[in-house]
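Trainee: Here is a sequence with its predicted model. Questions after.
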Amino acid sequence: MTHSEILQKVDWKDLRKLSTKEMLIENNLTIPWFFASCALAYYHYYVLALPFSAFFFLTSLRQVHNGFHNSLGTNKFLTWFSLFSNSILMIVSIHAVKFNHLRHHKYCLSEKDQEGKSAHMSWFGAIFYGPVHMFLIHQITLKEGNRNYKKNVLAELAAVIVFASAVFYFQIHFLIYHIVVMVIGEFLMAFFAVWTVHHDTEENPSMARTQRSEWKNRLTFGMFYHLEHHLFPAVPTIKLPELAKRIDEAIPDLQKKKTF
């Protein structure tokens, strides 16, 4: 079944709109995890802080991912601010990630898809490729992005440098911990955010992997409904469980590969 045929069979357009409650959730999901991880790290409970840091990284990824597709329910400036502020906290230029992610949707798993490169590798190859992946998405955006993308990438990188320099200069130990964990998270992106959802799907790139286990989707904040996201990228993450249900009802025989 083609992508266009699936679009015709599934009722999805109403899912693009967020209620006020849903908008507040999508735009503030990161806050408790960030403060909890920083509080625990402040008192040197680094091991206890790690899962909170991981959930902060995951929820930040969810937030900016919705921002890439204008699905946060906010205006243009607030969406930009979400990407910019998360750049500082995630220690990466989120606009560089956005540029490559939108190209990933357009050229999925083809030669022009830098984000999708690790999907063609082994799982351990994708892990080792992680640092190269993060360098290349910045390089490609600065080379091929338009003036606005380049301006945002440079501004975000400058803000990250200022933030990190201040943290290390003043030896703010709990923020040093945060920076180190975020860098490790960024280096694992090629594996967790690309390989897990796209490996062995080259024969039909738009049919990414997905997850149907309720507890696994709750644990991962719905970030592994990736088939649904590629078929309907305008649908916010908070609506993906409902979208998955509609797809299963409308096309019960649709072949789906699991993420994990």
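Mentor: Structure's in. What do you need?

Trainee: Show the residue spans covered by the helices in this structure.
Mentor: According to DSSP state H, the chain carries its helices in the segments 3-9, 20-28, 31-42, 46-68, 76-90, 94-106, 123-144, 147-169, 173-187, 189, 196-198, 214-219, 226-231, 240-250.

Trainee: tell me the mean pLDDT for the last one?
Mentor: Pointing back at helix 240-250 there. Mean pLDDT, helix 240-250: 95.

Trainee: tell me what it is packed against?
Mentor: Packing partners of helix 240-250 (3 or more Cβ pairs under 8 Å, 6 or more residues apart in numbering; DSSP states H and E): helix 226-231. The C-beta positions use only the backbone N, C-alpha and C, and glycine is treated the same way.

Trainee: what's the offset of the helix it packs on from the middle of its chain?
Mentor: 13 Å (Cα atoms, centre = their mean, to the nearest Å).

Trainee: Could I get the average pLDDT for it?
Mentor: Average pLDDT, helix 226-231: 94.

Trainee: Surely residue 250 and residue 7 touch.
Mentor: No - with contact defined as Cβ atoms under 8 Å, residue 250 does not reach residue 7; the gap is 10.7 Å.

Trainee: Residue 13: how many residues sit nearby?
Mentor: 11 (other Cβ atoms under 10 Å).

Trainee: where's it relative to residue 7, distance?
Mentor: 10 Å (Cβ to Cβ, to the nearest Å).

Trainee: Now for these two: what residues contact both?
Mentor: Residues touching both residue 13 and residue 7 by Cβ atoms under 8 Å, 6 or more residues apart in numbering: none at all.

Trainee: Other residues contacting the lowest-mean-pLDDT helix or strand in the chain?
Mentor: The weakest-scoring helix or strand in the chain, judged by mean pLDDT, DSSP states H and E, is helix 3-9 (a mean of 83). Here helix 3-9 makes contact (Cβ under 8 Å, 6+ apart) with 206, 231-232, 247, 250-251, 254.

Trainee: again, only using 6 Å
Mentor: Helix 3-9 has contacts (Cβ atoms under 6 Å, 6 or more residues apart in numbering) with 206, 231, 250-251.
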